[in-house]
Structures are given as C-alpha cells and as structure tokens.
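**Student:** dropping a prediction and its sequence here:
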Amino acid sequence: MARRIGVIGAGFGTQVHVPAFRSEGWDVAALFSRNPERARSAAAEAGVPDVHTDALELINRDNLDAIAIATPPGQHHELAIAALKSGKHVVCEKPFAVDAQQAKEMSDVAEQSGLTAMIAHEFRHTPQRAFIKELLTDGYVGEFKFCNMELFFNRGVPADPPTMTWAHRKSEGGGFLGALGSHYIDGLRYWFGDVDTVRGNLMTVRPDVTDPATGNVVQSETDDTFSFTLTFKNGGVATMSASFALIPSRGARVAVMGTNGTLYAEQGGPNPAEDGVTSGGQNGEPLKVLETPERLMPFKDDRDPRLMAFRLLVRDFNSGIENRVSPAPSFVDGLRCQEILDAVRESDATGNVVKLG
C-alpha cells in the first residue's frame with residue numbers, strides 16, 4: 001500500500017510537492033490552505049481528495065505517514081514540530097525558520113523523534129551542482145581556495161508598488177536572503193563543508209510596497225539585495241552578491257578556483273537548470289565544457305523545471321524512511337544554513353565578522 005502524505009500549502013505545494021510525491025509512489029491524501037475557496041480549487045485541480053483549512057487538523061489525522069510543509073517560513077516551526085510530535089515524517093520548505101533558535105528547536109525535536117526529517121534544498125540534486133560536487137571530491141581544482149557567486153535578476157517593475165506580503169515582513173521570515181540566498185548557502189555547504197566566519201550586508205533597493213489593508217505605500221521590512229563572504233573550516237573563501245531588483249536581469253554565475261584548476265557554471269534564471277553546463281580548466285589549459293554524466297540526469301520531467309531535482313529528493317526521503325535515517329539535506333543542514341543567515345543579518349547590523357560555533 002502506498003504511503004500517504006498531506007501537503008500544507010497550495011502554491012508551491014501544488015506546483016511541485018504534489019506531483020513530485022505522487023510520481024515517487026505516494027498517495028497525496030490531503031491539502032491545506034487557509035483560504036477555503038483556494039483550498040478547494042487547488043485540491044480539485046491537483047486531484048487531491050481531502051481539503052483542510054486548519055493545518056493542525058490535517059497534521060493530526062491518523063491515516064497519514066508524512067507531512068510536506070510548503071508555507072511561508074514563519075509557520076515552519078509550529079507545523080514541523082507538531083508533525084513530528086504526531087509521529088509523521090516531514091519535508092519542510094526553505095528557508096527553514098525565522099531564526100536559528102527556532103531552527104535548533106526543530107532540529108532537536110527531529111533528532112529525538114527518530115523520524116525522517118528533511119529540508120527542501122532540492123537543488124543539491126540538479127545535475128550541474130551534483131557534477132561540481134563530484135569534480136571537487138575528485139580533486140579537479142586541487143585544494144579549494146575561492147568561490148564567487150553572482151545572482152542578478154528582477155521580477156519586473158510594475159507601475160504601482162507591489163502588494164505587501166509575508167515576503168516583506170521580518171517576523172514572517174521574508175527577504176531575498178532567505179528566499180534564494182538559503183539555497184545558495186546550502187549549495188556552498190554541500191560543496192565545501194561547514195562555515196567558520198561570516199561577513200554580510202543587506203540592502204533594500206526597491207522598498208516601496210502597497211499595504212493591502214489601506215492602499216497606502218509603505219516600506220518593506222526586508223532585503224531585496226545582499227552580499228556575503230564566508231570562510232570555511234576546511235579552508236577557502238566564498239563570496240556572493242545578489243539582487244532581484246537589478247534591471248536588466250543577468251542570471252547567475254559561479255566560479256570555483258583551486259590550486260590546480262577552475263570550474264565555471266552559469267544559469268539564466270534564479271534556479272539551476274536541468275541542462276546546466278559546467279566548464280573547467282586545469283593547470284593553465286584552455287577552458288572547455290565538461291560533459292555532465294548521464295547518471296546525474298536520470299530522467300526528465302517537463303511539467304516543471306524544478307521537478308526532477310525535487311523528485312530525487314523525495315527518493316532520498318523514501319530511502320530515509322525505509323532505513324530510519326534523515327538523509328542530507330536534513331534538519332541539521334537546515335539549522336546550519338539558518339545560523340549562516342542569522343550571521344549575515346548580525347554582521348550587517350553590527351559591521352562585524354561573525355564567527356560560528
């Protein structure tokens with residue numbers, strides 16, 4: 001009999017979570033949205049039989065094996081802990097929490113539960129990032145020294161300021177650093193290990209937003225532009241500069257440099273593509289395209305460009321349940337990423353370099 005999962009969140013939850021879990025053998029039995037009309041329409045479109053407008057009611061059902069949490073981050077702490085305490089395995093979206101204190105509590109409960117708990121940093125599974133990880137492990141660049149990342153794009157400039165949402169509120173975990181910076185920080189940890197020190201800066205280039213309650217123009221509380229410098233416990237430095245307020249967009253560029261070689265990767269949008277190209281050069285040789293192994297691209301899924309990577313994460317989730325472990329990226333990885341996000345914010349506020357424990 002197929003395992004049964006409930007999905008909390010009718011946006012990304014129905015776009016990616018529902019089809020990914022269903023394709024990997026799960027029965028998606030229930031869907032939550034706070035808005036009853038949206039919950040019913042999203043469930044009908046996704047073919048999910050049961051609808052809930054109370055997330056805890058869904059979590060406490062006794063006929064579910066797991067919960068997928070695809071809500072804004074301000075809700076992750078309560079929902080993840082409730083799901084684990086109800087005996088459910090959990091996949092939780094990023095950014096993991098509002099702050100590292102919440103993340104530590106979530107990680108501790110997951111460890112104590114003995115259940116499988118993973119964070120949805122699915123981009124570890126994109127062929128380009130997985131290939132770079134293999135090349136680094138195989139010593140392609142020699143001793144790692146420096147990585148630089150750039151991410152510049154925009155979401156358009158409407159005639160009127162956009163409507164204020166949770167993404168513009170600090171208390172709800174909003175901001176570009178958490179929304180996309182968390183994915184890139186997880187990628188850096190995946191490649192280079194744990195972080196030792198953090199220096200960061202945050203900025204809001206386009207602060208005007210419209211308060212939906214009053215129609216007045218107010219100021220966003222969160223960043224749309226950031227930069228940081230990380231040093232790693234195993235040696236090496238990484239920097240990143242990013243903005244979604246830059247016009248025109250340029251996409252992302254990554255360079256990884258070591259004592260014997262360099263790797264380059266580019267992408268047209270904010271997320272790494274399924275067919276992303278990796279280039280490299282060693283010992284002064286000309287740069288060349290490095291062919292991504294076919295085994296890192298086990299299938300294609302044309303429904304959504306994020307689905308292949310997310311389905312591979314679900315396969316790890318399935319394996320974790322069978323083997324009673326939490327594969328990476330686990331809640332511990334979510335905690336480590338959250339500590340770095342907090343350190344960037346602390347560094348921006350104080351001007352100091354922040355050393356992690």
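**Tutor:** Yes, it's here.
**Student:** which ones are touching Thr229?
**Tutor:** Contact partners of Thr229, counting by C-beta atoms under 8 Å, 6 or more residues apart in numbering, are Val198, Arg199, Gly200, Val237, Ala238, Thr239. The C-beta positions use only the backbone N, C-alpha and C, and glycine is treated the same way.
**Student:** in this structure the third one contacts Phe226, no?
**Tutor:** Yes: in terms of C-beta atoms under 8 Å, Gly200 counts as a neighbour of Phe226; the distance is 6.7 Å.
**Student:** shared neighbours of the two, anything?
**Tutor:** Residues touching both Gly200 and Phe226 (C-beta under 8 Å, 6+ apart) are Val344.
**Student:** re the thing from before, nearest to Ala10 among the contacts of Thr229?
**Tutor:** The shortest approach to Ala10 among the contacts of Thr229 belongs to Gly200, at 33.1 Å (C-beta to C-beta).
**Student:** check the secondary structure at that closest one for me.
**Tutor:** Following DSSP: H, G, I helix; E, B strand; the rest coil, the label given to Gly200 is strand.
**Student:** and it, what does it touch?
**Tutor:** Gly200 sits in contact with Phe226, Ser227, Phe228, Thr229, Ala343, Val344, Arg345, Ser347, Asp348, where contact means C-beta under 8 Å, 6+ apart.
**Student:** just the residues you listed: which are in helices?
**Tutor:** Among the contacts of Gly200, the subset assigned to helices under DSSP state H consists of Ala343, Val344, Arg345, Ser347, Asp348.
**Student:** which residue packs closest to Tyr264, ignoring adjacent ones?
**Tutor:** Ser279 (4.5 Å; C-beta to C-beta, 6 or more residues apart in numbering).
**Student:** name every strand pairing with the one helix or strand the one you found maps to and say which way it goes.
**Tutor:** If you go by DSSP states H and E, Ser279 is part of strand 278-282. Looking at strand 278-282 with DSSP bridges, its partner strands are strand 261-267 (antiparallel), strand 288-290 (antiparallel).
**Student:** and it, which residues are buried?
**Tutor:** Buried residues in strand 278-282, defined by neighbour count with 16 or more other C-beta atoms under 10 Å: Thr278, Gly280, Gly281, Gln282.
**Student:** is it true that the third one touches Leu290?
**Tutor:** Yep, that's Gly281 we're talking about. No: in this structure Gly281 lies outside contact range of Leu290 using C-beta under 8 Å: 9.6 Å.
**Student:** that older thread, which of the contacts of Thr229 sit farthest apart?
**Tutor:** Maximum pairwise distance among the contacts of Thr229 (C-beta to C-beta): 13.6 Å, between Gly200 and Val237.
**Student:** Serialize the ones in helices among the contacts of Gly200 to JSON lines and add fields for pLDDT and neighbour count.
**Tutor:** Formatted as JSON lines, the ones in helices among the contacts of Gly200 follow (pLDDT from 0 to 100; neighbours: other C-beta atoms under 10 Å):
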{"residue": "Ala343", "pLDDT": "98", "neighbour count": "23"}
{"residue": "Val344", "pLDDT": "98", "neighbour count": "26"}
{"residue": "Arg345", "pLDDT": "98", "neighbour count": "21"}
{"residue": "Ser347", "pLDDT": "98", "neighbour count": "20"}
{"residue": "Asp348", "pLDDT": "98", "neighbour count": "20"}
